[in-house]
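K.L.:
below: sequence and its predicted model.
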Amino acid sequence: MTRLPRRRLLAAAGSGLAGALAGCGYRPGGGELVWEQSLSNGRFPRTGETAWVDDGDLLVAVENREGQDYDREREEWVDVSEAEATAYDSSGDVRWRGTTARQYAGDPAIGPDGVYVPLRDGGVTALSRSGDDAGSVRWTNDRLGPVSRVVAGDGVVVALGDAGFACLDAADGEATGAGESIPVTGTDVGSVAVGGGRVWASSRGDATLYGAAVDGGDPVELTLPDSPPDLAALDDGVVVATVDDGLRAVGPDGAVRWAADVRAPDYSLVAGDRLYVVADASVIAVDSAGGERRWQHELPLLNPPVVDDDGVYGAVSGCRFQALTDGGEEWWSVPTPDDEGYGCDLTYVTVLDDRIVAVDGDRLYAVRKRPGDRWTLL
């Protein structure tokens, strides 16, 4: 007889008790396990190379496949060398699957119009993310040379690699004018951000920030104190650059809108009217309109945190999930669902709808985002 592991036994008992108490006021707590599944789904051939991207609605795994697979239509074994994209929703269900003609090599991206995969031997492929053709190839641009990473926004895709900086129309993959208006090339490209109808990029060599409208209009440039490790684009066309002595918010006209004294910031995340900055093992909330600091909270993060309109969530030392409200208060903190006492191997954490979804080794699972009263009778 197969023995049910203790954690799953408790989870099963808890689910049954939750159902029994559903009419008695049971409200599950934040951080409680909702579902889990194995990523070893028997699909083959796999190489083990997987990249994850999400946009708060879909979580997409892009995985290289190499070897032989059985073609059911042709009823024969065929050689396979491709990347397979699998899109999950907050319930853990697979929304769609799609494949590219070649394996991926670089960091993919997800945007409002699709999932964009840099290909081995050069180029970028766009997969449709919704509709009847979800997962199918919309276009492929093979004229870019090797691409190391992709940044996507509303209507535009930025491809970065040895060949330089290319801005592509998200609808057809053709070059837009912004690529010509932003004079950074090759390995000199630093940080990149897309948003509010504009593309922004920094130069490593001379710490210059460049910006332009997606069509190449209204180009601007500004010299910063140092090359920013991160740029965050806001909806109104403003970009926030993280430099050693703080933050600089730069408008579409190239003028500095505000500066904030946040020393040695690593990167920043945008949610609503807040900018969350990670610096020196702390998360700092800054008003994105004027740069006023709202609060600061120490958070010993294991991975980059994720944010939404309700707060900040992250995996912290000790294999725990920690949630903060948008006001900086501790919302809840619980141990991660470990793999039968073997600790955590978190490679990716995000928020999808009202779930925190984590890739933990060869498992994919979700915990509840909102707190409640655990096993409480009202």
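P.N.:
Structure's in. What do you need?

K.L.:
CA only for contacts and neighbour counts going forward, please
P.N.:
Noted.

K.L.:
and stretch 280-289, which residues are buried?
P.N.:
Neighbour counts using 16 or more other Cα atoms under 10 Å place 282-288 of stretch 280-289 among the buried residues.

K.L.:
give me the nearest residue to residue 169, chain neighbours excluded.
P.N.:
In space, residue 169 comes closest to residue 156 once its chain neighbours are excluded; the distance is 4.9 Å by Cα to Cα, 6 or more residues apart in numbering.

K.L.:
try residue 218
P.N.:
Per Cα to Cα, 6+ apart, closest to residue 218 is residue 212, 5.5 Å.

K.L.:
need phi/psi at that neighbour.
P.N.:
Per-residue torsions, residue 212: phi -160, psi 160 (degrees, to the nearest 10).

K.L.:
so it versus residue 222, what's the distance?
P.N.:
Distance check for residue 212 against residue 222: by Cα to Cα, to the nearest Å, it reads 12 Å.

K.L.:
residue 62 contacts residue 50, correct?
P.N.:
Yes: counting by Cα atoms under 8 Å, residue 50 is a contact partner of residue 62 at 5.5 Å.

K.L.:
which one's more surrounded, the two?
P.N.:
Legend: neighbour count by other Cα atoms under 10 Å for residue 62 and residue 50, higher for residue 62 (26 against 16).

K.L.:
quick one: that one from residue 144, how far?
P.N.:
Distance, residue 62 to residue 144, by Cα to Cα: 20 Å.

K.L.:
ok, residue 199 next?
P.N.:
Distance from residue 199 to residue 144, by Cα to Cα: 18 Å.

K.L.:
so where's the chain shaky on pLDDT?
P.N.:
Applying pLDDT under 70 to the chain picks out residues 1-28, 41-44, 163, 339-342, 372-378.

K.L.:
please enumerate the helices of it.
P.N.:
6-20, 178-181 (DSSP state H).

K.L.:
how about the buried residues of stretch 280-289 in TSV, adding distance to residue 100?
P.N.:
Listed next are the buried residues of stretch 280-289 as TSV, based on distance: Cα to Cα, whole Å:
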residue	distance to residue 100
282	40
283	38
284	40
285	40
286	40
287	41
288	38
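
K.L.:
ok, the residues you listed vs residue 54, which is closest?
P.N.:
Nearest to residue 54 among the buried residues of stretch 280-289 is residue 283, at 21.4 Å by Cα to Cα.

K.L.:
in contact with residue 275, which residues?
P.N.:
Going by Cα atoms under 8 Å, 6 or more residues apart in numbering, residue 275 touches 268-269, 285-288.

K.L.:
could you find the closest non-adjacent residue to it?
P.N.:
Excluding the flanking residues, the one nearest residue 275 by Cα to Cα, 6+ apart is residue 286, at 5.0 Å.

K.L.:
surely the one you found meets residue 292?
P.N.:
Yes: using Cα under 8 Å, residue 286 is in contact with residue 292, at 5.5 Å.

K.L.:
re the thing from before, in strands, which of the buried residues of stretch 280-289 appear?
P.N.:
Secondary structure defined by DSSP state E assigns 282-287 of the buried residues of stretch 280-289 to strands.

K.L.:
and the furthest pair within those?
P.N.:
Most distant of those, by Cα to Cα, are 282 and 287, 16.4 Å apart.

K.L.:
sorry, back to before: which of residue 199 and residue 144 has more neighbours?
P.N.:
Counted by other Cα under 10 Å, residue 199 and residue 144 do not tie: residue 199 has more neighbours, with 32 against 19.
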